[in-house]
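> Kindly generate the corresponding structure for this input.
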Amino acid sequence: MSKPKVFEKPIGVKDYLPNAVAKLRHIERDVLACMKGWGYEQIITPTMEYYDTVGVASSTSDQKLFKLLNNRGTTLVLRSDMTAPIARVVSSLLKESQFPLRLSYHGNVFRSIEEESGREAEFFQTGVELVGDASAEADAEVVALAIASLKAAGVNRFKIAIGHVGFLNGLFEETLAGRGEAQEQLKSCLLNRDYVGYRESLRELELEEPVQRELEGILRLRGGQEICEQALELSADATAQKSIRHLCEIWDVLKAYGVCEHVLIDLTMIGDFSYYTGMTFEGYAADLGFPVASGGRYDNLLSQFGRPAPATGFALKTTRILELVGAEEDTAGKERVLIGYDGQGRAEALGSAQQLREQGTAVVTERMAAEDWNGLVEGSFTYKGVAYTKGMPFISGIEKATGGSGQ
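The predicted model follows:
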């Protein structure tokens, strides 16, 4: 294996230049402010966790975890999601806190990828966890908050698709009892949105024609509240029936929020983590093929940390949202004052710069010759790669120029 060049970086990670960072922080700030308005308090957890606790509980497949050893030989992992670390905190540092708990977060997560996949090994998430409430009201709250958060992030055209793990589990158990391998194969196809593969797998199972028709029929179960009614007639399994009724309750609450225009029911939704136990959802933005939000109910996860409790939540994929809304310059955030000075004007110039900074203005100071300043054209100009607008002439060793976003 050849030695990497000094400017190379590992596959799946990227550098964010100032314009992109400014936009990413803007998204993060606005989304967290939205979540705070709904009563969610921000929490920060470590980047590294123990493999035997958070690593195992995360439900990220073992081969996708970044593992490392500390100086005692204990296996650590870089966190692969934020939910499992928060479950650990809820069960330890917050064990005396009364439910429900509403927590928000922003952080980077890591998942090992195949080099040819083109996906990111490190990316940012902003999300919430609502712990200690098993109701449809709680599920609807996180869906409605996900919608509000996407709008706060600047995403205007999107749809939230919601489903329920219990419906598919109940339907498959009813129609494919004792055929666990076949059930997992079909679920894998649905998870990967491989509907052609799903139909092919059904044909290979050589099922009776009514069962074949029934299982193919779920691919058409996408739409509004009418889908719940159709699903109730599709399966008589108790788990499937209970799951659909729960979705109906969620829909009723979402109607009260006034957000159903952004929501559709998709009963092929299965969720990409094995710890999901109920409602799951994904948010898709127009003109972007990857989901920008995902979430669901995970009622069994906290029991792994010794404090059983129902929970639900979601995460926005902040770096994908950055791709969607672009990394345009934030002119308000980049506005600068340039103060040039000579030897005699140094003290006054630096004092003026400090006063402006205390007022919240970004100030760049530069010692220069008077002729260099006078050589700059009036109006907009670029000085050492940064755009400014000249504001006033050279006076007593202090020159000021305002404006400018970095180039």
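
> how about residue 145, secondary structure?
Secondary structure assignment for residue 145 (DSSP: H, G, I helix; E, B strand; the rest coil): helix.

> how about it, what does it touch?
Applying C-beta atoms under 8 Å, 6 or more residues apart in numbering to residue 145 gives the contacts 34-35, 38, 40, 128, 314. Heads up, the C-betas are built off the backbone N, CA and C, glycines and all.

> could you list every residue that touches residue 222?
Contacts for residue 222 (C-beta under 8 Å, 6+ apart) come out as 161, 264-268.

> what about residue 196, distance to residue 268?
13 Å (C-beta to C-beta, to the nearest Å).

> So for those two, which sits in the more crowded spot?
Using other C-beta atoms under 10 Å, the more surrounded residue of residue 196 and residue 268 is residue 268, with 20 against 9.

> pretty sure the more buried one contacts residue 219?
Yes - in this structure, residue 268 is within contact of residue 219 by C-beta atoms under 8 Å, at 6.3 Å.

> Doesn't residue 288 lie inside a strand?
No - under the criterion used here (three-state DSSP), residue 288 is coil, not part of a strand.

> And for the nearest residue to it once chain neighbours are set aside, the neighbour number?
Of all residues not flanking residue 288 in the chain, residue 324 sits nearest, at 5.2 Å (C-beta to C-beta, 6 or more residues apart in numbering). As a burial measure, residue 324 scores 21 neighbours (other C-beta under 10 Å).

> Which helix or strand contains residue 324?
Secondary structure assignment for residue 324, by DSSP states H and E: helix 318-325.

> Check which helices and strands that helix sits against.
In terms of contacts (3 or more C-beta pairs under 8 Å, 6 or more residues apart in numbering; DSSP states H and E), helix 318-325 is packed against helix 18-37, strand 122-131, strand 291-297.

> Rounded mean pLDDT for the first one, please.
In this case it means helix 18-37. Averaging pLDDT along helix 18-37 yields 94.

> After it, which helix or strand is next? Please name it.
strand 41-42.

> Partner strands of the very next helix or strand once past that next one, with direction?
Counting by DSSP H and E, the element after strand 41-42 in chain order, helix or strand, is strand 48-50. Applying DSSP bridges, strand 48-50 is found paired with strand 75-78 (antiparallel).

> With just CA atoms, put the partner strand into PDB.
Output of strand 75-78 as PDB, limited to C-alpha atoms (Å, rounded to 0.1, in the frame of the first residue of the first chain):
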ATOM      1  CA  THR A  75     -12.100  -1.400  22.500                       C
ATOM      2  CA  LEU A  76     -13.700   2.000  21.800                       C
ATOM      3  CA  VAL A  77     -15.800   3.200  18.900                       C
ATOM      4  CA  LEU A  78     -16.400   6.500  17.200                       C
END
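
> Return the set of buried residues in it.
If you call a residue buried by 16 or more other C-beta atoms under 10 Å, then strand 75-78 has these buried ones: 76-78.

> residues touching residue 216, list them.
199, 202.

> An error on my part: the question was meant for residue 149.
31, 34-35, 126, 293, 316.

> Residue 148: which of the helices and strands packed on helix 318-325 is closest?
Of all the helices and strands packed on helix 318-325, it is helix 18-37 that lies closest to residue 148, at 5.5 Å by C-beta to C-beta.

> Ignoring the adjacent residues along the chain, who's closest to residue 319?
Nearest non-adjacent residue to residue 319, counting by C-beta to C-beta, 6+ apart: residue 123, 4.6 Å away.

> Could you report the neighbour count for that neighbour?
For residue 123, the count of nearby residues is 18 (other C-beta under 10 Å).

> Of the contacts of residue 145, just say which sits nearest to residue 239.
Closest approach to residue 239 among the contacts of residue 145 (C-beta to C-beta): residue 314, at 23.5 Å.

> Roughly how far does that closest one sit from residue 276?
Distance of residue 314 to residue 276, computed by C-beta to C-beta: 11 Å.

> Overlap in contacts, these two.
With C-beta under 8 Å, 6+ apart, residue 314 and residue 276 have common neighbours residue 296.

> follow-up on the earlier one: identify the residues contacting the residue nearest to residue 319.
Residues in contact with residue 123 (C-beta under 8 Å, 6+ apart) are 108-109, 317-320.

> doesn't residue 280 make contact with residue 314?
No - using C-beta under 8 Å, residue 314 makes no contact with residue 280, being 9.8 Å away.

> coming back round to it: columns distance to residue 62 and neighbour count on top of the contacts of residue 123, output as a markdown table?
Below are the contacts of residue 123 laid out as a markdown table (distance: C-beta to C-beta, whole Å; neighbours: other C-beta atoms under 10 Å):
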| residue | distance to residue 62 | neighbour count |
| --- | --- | --- |
| 108 | 20 | 15 |
| 109 | 16 | 21 |
| 317 | 23 | 23 |
| 318 | 26 | 21 |
| 319 | 24 | 20 |
| 320 | 25 | 19 |
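
> Next, please give the residue ranges for the helices of this structure.
18-37, 56-57, 83-90, 136-152, 165-175, 180-191, 195-204, 209-217, 226-234, 238-257, 318-325, 331-334, 346-358, 370-374 (DSSP state H).
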